[in-house]
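Chemist: build me a model from this:
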Amino acid sequence: MFPERMLEQRSFLRDEEKEVRFLGEEEDEDEESFEDEERDGFDVDGEILAKKRKKKRVTYAESIEDMDFSATFISGVACKPLSWEEEEEIQLKAKAEMAGSLCLTYRRTGLSLKGYFLSQLPDLLPLADFLVYLNLSFNCLCSFPKEVFHLKHLEVLKLRNNPIKFIPEEINQMATLKCLVISFNLLTSLPAGLFALTNLEGLDVSYNELETIPHDIGNLSALTYLNIEGNFITVLPCSVLKLNFLKRLKLENNFLHPYFWNEICQLQPQRLTDLAAHCFAKHKMWKKHRHIPKKIEEILCNFRICDCCPGPLYGDGLQFICAYKNEYGLRLPYLFCSCSPTCYQEYYSRATSQ
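Modeler: Numbering: from 1, shown residues only. Next up, the predicted model:
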């Protein structure tokens with residue numbers, strides 16, 4: 001009996017070892033095949049043992065293509081946030097429109113949009129029938145605002161501190177304009193249409209880039225105030241002397257010193273075409289030559305009155321400088337244009353003798 005029991009115990013131990021080995025192999029297989037999972041086992045006596053498996057750390061590789069949601073899920077773009085400069089521009093534009101609407105509501109004759117930094121003006125057409133005063137200084141207007149041409153009764157227009165480079169010829173439409181301030185801009189010339197405004201009393205073109213003042217400024221017969229400070233002007237046109245109502249002339253910070261006069265006083269010869277046209281008109285030769293070609297007729301009709309005599313002046317003529325003292329005793333250079341050498345000699349001798 002004893003040996004048989006020993007054999008039974010040995011066979012039982014062998015079976016137990018096999019079962020333990022089988023359970024160990026099964027645990028290794030479960031750890032490799034399953035992630036983050038718990039399994040239950042049984043011991044020899046049938047008791048339940050809770051065995052916790054070790055958790056594996058798993059990392060996921062995220063490709064750029066998978067993260068490109070705009071190509072797969074998004075069908076529209078959200079509103080882009082505005083910068084503080086854009087928001088401020090929108091607010092100022094809204095305030096300018098509000099000022100225009102208030103002016104229309106209460107029918108105010110004056111509108112000031114000074115310092116609004118506007119690049120475009122609001123609609124001014126509803127104000128065309130009653131607006132008299134308009135201030136557009138300290139803005140960002142790169143060109144002369146053509147909206148003002150529709151203001152029928154406008155008398156005062158201020159455009160100081162704007163990057164305006166030229167004034168259009170259509171400014172002659174503003175027949176009621178009495179005061180124009182366009183200082184601290186980028187003007188290099190003044191148009192002929194500006195000097196057709198016979199009602200203009202005040203003109204301020206200071207601190208621009210002007211090199212000359214046109215001779216046609218003498219057409220502004222009602223002008224009482226002229227400011228041309230801070231430009232590159234070396235000489236004044238003699239037509240300024242014909243402005244009888246001019247009370248104040250400001251011309252500091254220019255190149256009007258006598259040091260520059262010698263460079264301008266050099267007489268240039270006249271063209272033969274201009275001399276021939278002058279002789280033809282002086283001797284009234286059209287009475288003898290009634291059939292004149294169109295080209296010659298165009299040349300004969302293109303003239304202005306001489307600065308030294310009442311005769312016709314063709315081309316630039318003979319240009320020379322005469323200095324006259326103003327009411328403050330300051331000698332200023334004035335540019336004259338004579339129609340012929342004889343006219344030049346007679347006028348210059350009279351001017352130097354006085």
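Chemist: ok, which stretches of the stretch 201-350 of the chain are helices?
Modeler: Here the stretch 201-350 of the chain has its helices, by DSSP state H, counting those that start in this stretch, at 261-264, 272-282, 294-301, 341-353.
Chemist: how about the ones you listed, which one is nearest Phe138?
Modeler: Counting by C-beta to C-beta, Phe138 lies closest to helix 261-264 out of the helices of the stretch 201-350 of the chain; the figure is 36.0 Å. Where C-beta positions appear, they are placed from N, C-alpha and C, glycine not excepted.
Chemist: and that closest one, average pLDDT?
Modeler: Averaging pLDDT along helix 261-264 yields 73.
Chemist: for it, what is the distance to the chain centroid?
Modeler: Relative to the centre of its chain, helix 261-264 is centred 36 Å away, using C-alpha atoms, centre = their mean, to the nearest Å.
Chemist: for Ala175, grab the count of nearby residues.
Modeler: 12 (other C-beta atoms under 10 Å).
Chemist: check the one 3 residues further on too.
Modeler: By the criterion of other C-beta under 10 Å, Lys178 has 17 neighbours.
Chemist: residues in contact with it?
Modeler: Counting by C-beta atoms under 8 Å, 6 or more residues apart in numbering, Lys178 makes contact with Glu155, Val156, Asn199, Leu200, Glu201, Gly202.
Chemist: now the end-to-end length of stretch 219-231.
Modeler: Across its full length, stretch 219-231 reaches 22 Å between end residues, using C-alpha to C-alpha, to the nearest Å.
Chemist: now do stretch 146-154
Modeler: Start-to-end, stretch 146-154 (C-alpha to C-alpha) is 13 Å.
Chemist: before we move on, what about stretch 142-157?
Modeler: End-to-end distance for stretch 142-157, by C-alpha to C-alpha: 16 Å.
Chemist: give the buried residues for it.
Modeler: For stretch 142-157, a neighbour-count test (16 or more other C-beta atoms under 10 Å) marks Phe144, Pro145, Glu147, Val148, Phe149, Leu151, Leu154, Glu155, Leu157 as buried.
Chemist: ok, stretch 165-173 next?
Modeler: Buried, per 16+ other C-beta under 10 Å, within stretch 165-173: Ile167, Ile171, Asn172, Gln173.
Chemist: for the nearest residue to the second one once chain neighbours are set aside, which three-state class applies?
Modeler: Distance criterion C-beta to C-beta, 6 or more residues apart in numbering; nearest residue to Ile171, sequence neighbours excluded, is Gly193 at 4.9 Å. Put simply, Gly193 is helix when judged by DSSP: H, G, I helix; E, B strand; the rest coil.
Chemist: residues contacting Gly193?
Modeler: Contacts of Gly193 (C-beta under 8 Å, 6+ apart): Ile167, Pro168, Glu169, Glu170, Ile171, Asn172.
Chemist: how about 6 Å then?
Modeler: Counting by C-beta atoms under 6 Å, 6 or more residues apart in numbering, Gly193 makes contact with Glu169, Ile171, Asn172.
Chemist: of those residues, which belong to helices?
Modeler: Assigned to helices by DSSP state H, none of these qualify.
Chemist: export those residues to a markdown table and append columns for distance to Ser183 and pLDDT.
Modeler: Listed next are those as a markdown table, based on distance: C-beta to C-beta, whole Å; pLDDT from 0 to 100:
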| residue | distance to Ser183 | pLDDT |
| --- | --- | --- |
| Glu169 | 21 | 95 |
| Ile171 | 16 | 96 |
| Asn172 | 21 | 95 |
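Chemist: out of the helices of the stretch 201-350 of the chain, which one sits most buried?
Modeler: Highest mean neighbour count of those: helix 272-282, a mean of 16 (counted as mean count of other C-beta atoms under 10 Å).
Chemist: buried ones in stretch 238-252?
Modeler: If you call a residue buried by 16+ other C-beta under 10 Å, then stretch 238-252 has these buried ones: Cys238, Ser239, Val240, Leu241, Leu243, Leu246, Leu249, Leu251.
Chemist: roughly how far apart are the spatially closest residue to Cys179 that is not a sequence neighbour and Val148?
Modeler: Excluding the flanking residues, the one nearest Cys179 by C-beta to C-beta, 6+ apart is Gly202, at 4.1 Å. Going from Gly202 to Val148 by C-beta to C-beta, to the nearest Å gives 16 Å.
Chemist: same thing with Tyr207?
Modeler: 21 Å.
Chemist: ok, Glu86 next?
Modeler: 27 Å.
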